[in-house]
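Student: Predicted coordinates and the sequence they were generated for:
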Amino acid sequence: MRITDLVVHHRRVPLRMPYSSVIRGTVDEAHVTLVELVLEDGSSAWGEAVSMPAVTGETPGSVVAALNGPLRAAVVGRRTEDLEETCDRVERSILGNGGAKAGVDIALHDAFARGLGTPLFRALGGGHGTMETSITVGLGTPDEMAQRANELVKDGFTALKLKVGHAIAHDVQRVEAVRQAVGPDIRLRLDANQGWTAKESVRAVRLLEDRGADIELIEQPVAARDLRGLRFVRERVSTPVVADESVLTPQDALEIVRQEAADILSIKVQKSGGVRGVLRIISIAEAAGLTCMIGCSLETEISITAAASVVAARTAVTHVDLDAPLWLGASPVRGGVSYRGPVLELPDAPGLGVSGVLPEPSA
């Protein structure tokens, strides 16, 4: 089946509540760029491209420009059956631009699995399509974060990711307030989003360890390029250290392994160019004896379905953080993953199980 066109759909989607973190500040809407590959039989395959300026250097405008320019030229006229060769063309068509490439890569994988008549997670080797996700508690005061955490636990969530990365004293207060609110049985993960120095990270994590906060992991405590600092932290704390913004490409993953800088690699389809990129990083982690956590930015069901399909297919992904659609006030997507509290369910339909997108609301 040949690809006859690439169409970009951009939406601004209000969030259910403001989302706050060190790396992006506070936002109240998501910029959603959906990629439609039109096939010669008139059907469509779907992808999604997310801009993360502080991580990949992309903006909504640059994503759209890349999609309408070199990425469109790389795929129009290609056959959906030629997945690997077409993904190579996408990779070579433009330097960097992981989010824009992810939009095309996801759509190519959707088209490929649709052609096989099977869900993407099964096409990748997965046997079942359910998993449990953590959910993020955005940065706020200790009382605000504790209240939100308590609400999420009442909704059935057993793993919470707490945004930290400000002054250590305040961050410790935030974590302790949440732990007191939710009790000892809820798993707490911390994400500092590069907000601490290496020495600050050691001091903060050790303090929490000594006070019995029982933190499951600490994600990206130091600057993305500071692998020496990441290793410095890993060697001095008991809590597992996760590399997130430090690992965008398979080459990044190899360097983290070489420097023994992290215990866990955090992967995202949007920062690594799509499904193929994260599968390559997972293979590197497996060869090195590491595990992976799969996460997300502010994304719709399209991107999250692709990420969850990878989880279903690869046992090295031991931590799931795919809560983004739960933040959206109203999704523009028809189909894809669904949620029952913390349980994410993949559709038993060909490809991503996405039937289309809603029309853009009138101004």
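Tutor: Sure, I can see it.
Student: can you give me the helices in the stretch 151-300 of the chain?
Tutor: 168-182, 198-210, 227-234, 250-259, 275-288 (DSSP state H, counting those that start in this stretch).
Student: Among the ones you listed, which comes closest to S62?
Tutor: helix 275-288 (18.3 Å; Cβ to Cβ). C-beta coordinates here come from the backbone N, C-alpha and C atoms, glycine included.
Student: What is the closest one packed up against?
Tutor: helix 98-116, helix 250-259, strand 264-267, strand 291-294, helix 301-313 (3 or more Cβ pairs under 8 Å, 6 or more residues apart in numbering; DSSP states H and E).
Student: Identify each buried residue in the last one, please.
Tutor: Meaning helix 301-313. 301-313 (16 or more other Cβ atoms under 10 Å).
Student: Can you pull out the low-pLDDT segments for the protein?
Tutor: 361-363 (pLDDT under 70).
Student: Outline the domain layout of it.
Tutor: Segmentation of the chain into domains, based on automatic domain parsing, reads 3-117, 122-357.
Student: CA atoms only for stretch 74-88, dumped as PDB, please.
Tutor: Only the C-alpha atoms of stretch 74-88 are listed here, as PDB (Å, rounded to 0.1, in the frame of the first residue of the first chain):
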ATOM      1  CA  ALA A  74      10.900  11.000   2.700                       C
ATOM      2  CA  VAL A  75       7.600   9.000   2.900                       C
ATOM      3  CA  VAL A  76       5.200  10.100   0.100                       C
ATOM      4  CA  GLY A  77       5.200   7.400  -2.600                       C
ATOM      5  CA  ARG A  78       6.700   4.800  -0.300                       C
ATOM      6  CA  ARG A  79       5.100   1.400   0.400                       C
ATOM      7  CA  THR A  80       3.800   0.800   3.900                       C
ATOM      8  CA  GLU A  81       5.200  -2.800   3.800                       C
ATOM      9  CA  ASP A  82       8.800  -1.400   3.500                       C
ATOM     10  CA  LEU A  83       8.900  -0.200   7.100                       C
ATOM     11  CA  GLU A  84      12.600  -0.500   7.900                       C
ATOM     12  CA  GLU A  85      13.800   1.100   4.600                       C
ATOM     13  CA  THR A  86      11.300   3.900   5.000                       C
ATOM     14  CA  CYS A  87      12.300   4.500   8.600                       C
ATOM     15  CA  ASP A  88      15.900   4.800   7.400                       C
END
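Student: buried sites along it?
Tutor: Burial within stretch 74-88, assessed by neighbour count using 16+ other Cβ under 10 Å, is assigned to A74, V75, R78, R79, T80, L83, T86, C87.
Student: one step back: of the helices and strands packed on helix 275-288, which is nearest L208?
Tutor: Comparing the helices and strands packed on helix 275-288 by Cβ to Cβ, strand 264-267 comes nearest, at 17.7 Å.
Student: Perfect, I'm done here.
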